[in-house]
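Asks: coords please:
(chains A and B)
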Amino acid sequence: EAGVAQSPRYKIIEKRQSVAFWCNPISGHATLYWYQQILGQGPKLLIQFQNNGVVDDSQLPKDRFSAERLKGVDSTLKIQPAKLEDSAVYLCASSFSAGGGYTFGSGTRLTVV
Amino acid sequence: GEDVEQSLFLSVREGDSSVINCTYTDSSSTYLYWYKQEPGAGLQLLTYIFSNMDMKQDQRLTVLLNKKDKHLSLRIADTQTGDSAIYFCAESGFKGAQKLVFGQGTRLTINP
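Replies: Numbers count the residues shown, from 1 in each chain, chains lettered A, B, ... in the order given. Presented below is the predicted three-dimensional model:
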């Protein structure tokens, strides 16, 4: 079974620029999550999709972050404009249902300078 | 709200047992998880326990859950250098939500 694919692996941008990350979940997984992991901290949920609908985006800074999951498969997360404090690893995960079925991608490491 | 706490560092000698502890605040958590993260890598699920269990064993790993005290521990027997990593405790099920809530991670260092 293929894992959760994310790209790019690394991205360096200047503050106020925009950036987009892509995630392809495991085939058949209805639920997709984006987490932000700041250095030295545990991952924090940004947004959760169930198929192509948003379940939880309460921690997403909506003035600069947006995410979509067209057709209930791939997802993109965008930051516009980026701030220095957005430097983090952005992890995508998918699950078939609640419980032990979460699978994480390798993440995208974003550095904002 | 939900909160998960872990100690930040643990250092053990190779061959000894490692015990990583975690406390959580939400008594409605359905599942509790242990993830491993090596440098530059994503999160690897080690094991998980359903909240109506008090122990789960999987090869060198033993998970103990004290639901009364909201305390979770991960014991790694015969710790090896390859076990060096950051270990995250996480819970899900707060108010029925599927999302994972993570602790801040415990960095395990192995001394030769």
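Asks: tally of neighbours for residue 84?
Replies: Here I'm looking at chain A. Neighbourhood size, residue A:84 [other CB atoms under 10 Å in any protein chain shown]: 10. From N, CA and C alone the C-beta is placed, and that goes for glycine too.
Asks: hm, I was asking about chain B
Replies: Burial of residue B:84 is recorded as 16 neighbouring residues (other CB under 10 Å).
Asks: please apply the same query to residue B:101.
Replies: Around residue B:101 there are 23 residues (other CB under 10 Å).
Asks: anything in the helix or strand hosting residue A:89 near chain B?
Replies: Element membership of residue A:89, judged by DSSP states H and E, is strand A:88-95. Yes - interface with chain B: strand A:88-95 contributes A:91, A:93, A:95 (CB under 8 Å from any CB of the partner chain).
Asks: tell me the gap between that strand and the middle of its chain.
Replies: In terms of CA atoms, centre = their mean, to the nearest Å, the gap separating the centre of strand A:88-95 from the centre of its chain is 5 Å.
Asks: helices or strands next to it in the packing?
Replies: strand A:5-7, strand A:19-24, strand A:31-37, strand A:75-79, strand A:103-104, strand A:108-112 (3 or more CB pairs under 8 Å, 6 or more residues apart in numbering or on different chains; DSSP states H and E).
Asks: got a list of contacts for it?
Replies: A:4, A:6, A:21, A:23, A:25-26, A:29-39, A:43, A:46, A:75, A:77, A:101-105, A:107-110, B:42-43, B:98, B:100 (CB atoms under 8 Å, 6 or more residues apart in numbering or on different chains).
Asks: go on, stretch B:72-87?
Replies: B:6, B:12-24, B:32, B:34-39, B:46-47, B:49, B:60-66, B:89, B:105-110, B:112.
Asks: which bits of chain B sit near chain A?
Replies: Within chain B, the residues that sit near chain A (CB under 8 Å from any CB) are B:4, B:30-31, B:33, B:35, B:41-45, B:48, B:88, B:90, B:92-93, B:97-105.
Asks: find the nearest non-adjacent residue to the single nearest residue of chain B relative to chain A, please.
Replies: Relative to chain A, the nearest point of chain B is residue B:102 (3.2 Å; CB to the nearest CB). Among residues not flanking residue B:102 along the chain, residue A:42 sits closest, at 3.2 Å (CB to CB, 6 or more residues apart in numbering or on different chains).
Asks: pretty sure that neighbour sits against residue B:91.
Replies: No - applying CB atoms under 8 Å as the test, residue A:42 and residue B:91 come out as separate, 11.3 Å apart.
Asks: those two: which is more packed in?
Replies: Ranked by neighbour count (other CB under 10 Å), residue A:42 and residue B:91 place residue B:91 first, with 27 against 22.
Asks: quickly note the distance from that one to residue A:26.
Replies: Distance, residue B:91 to residue A:26, by CB to CB, to the nearest Å: 22 Å.
Asks: do residue A:71 as well
Replies: In terms of CB to CB, residue A:71 sits 16 Å off from residue A:26.
Asks: cool, and residue B:46?
Replies: Distance of residue B:46 to residue A:26, given as CB to CB: 19 Å.
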